[in-house]
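S.K.: Curious how this folds, go ahead:
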Amino acid sequence: QVELVESGGGSVQAGGSLRLSCPLIRYSLYCMGWFRQAPGKEREGVAALNNDADPTYNASVKGRFTISISQNNALYLEMSSLKPEDTAMYYCAARLCRTTAFDVGAVKYWGRGTQVTVSS
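M.R.: Got it, this is the predicted structure:
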């Protein structure tokens, strides 16, 4: 049983930064990424790792968010220049690498979520 628990969420003012983290699944068939869901909206992909390709970013976060992994088996999402519209529950996720990066239906494992709130 895989358990993903995110950390690092919180409340910040617009323009601020946060770093989210999640345990990394080091299994070559799985690629990890981050999704988010705002109240009343569908869950959407934010950033995703891919095998043999650059990470995929949602256009709304490109240049502000960075997905990375560490040697101590952590997945990170570095978020800077945060905007109120970034407010959402953020989830780490693992999908089979052969599937589309932001396909919600392709996610095999979900984290519990961590809240990010950005005030103006």
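S.K.: only C-alpha atoms for contact and neighbour calcs from this point on.
M.R.: Noted.
S.K.: Off-centre distance for stretch 79-94?
M.R.: Between the mean C-alpha point of stretch 79-94 and the mean C-alpha point of its chain there is a distance of 7 Å (C-alpha atoms, centre = their mean, to the nearest Å).
S.K.: Please apply the same query to stretch 50-69.
M.R.: Stretch 50-69 has its C-alpha centroid displaced from the chain centroid by 9 Å (C-alpha atoms, centre = their mean).
S.K.: Contact partners for the one residue sitting closest to the centre of the chain?
M.R.: Using C-alpha atoms, centre = their mean, the residue of the chain that lies closest to the mean C-alpha position is Trp34, 1.9 Å off. If a contact means C-alpha atoms under 8 Å, 6 or more residues apart in numbering, then Trp34 has 45-48, 77, 90-93 as its contacts.
S.K.: ditto for Tyr76
M.R.: Per C-alpha under 8 Å, 6+ apart, neighbours of Tyr76: 19-22, 66-70.
S.K.: what helix or strand is the residue nearest to it when sequence neighbours are not counted on?
M.R.: The spatially closest residue to Tyr76, leaving aside those adjacent along the chain, is Ser21, at 4.5 Å (C-alpha to C-alpha, 6 or more residues apart in numbering). In this assignment (DSSP states H and E), Ser21 forms part of strand 18-23.
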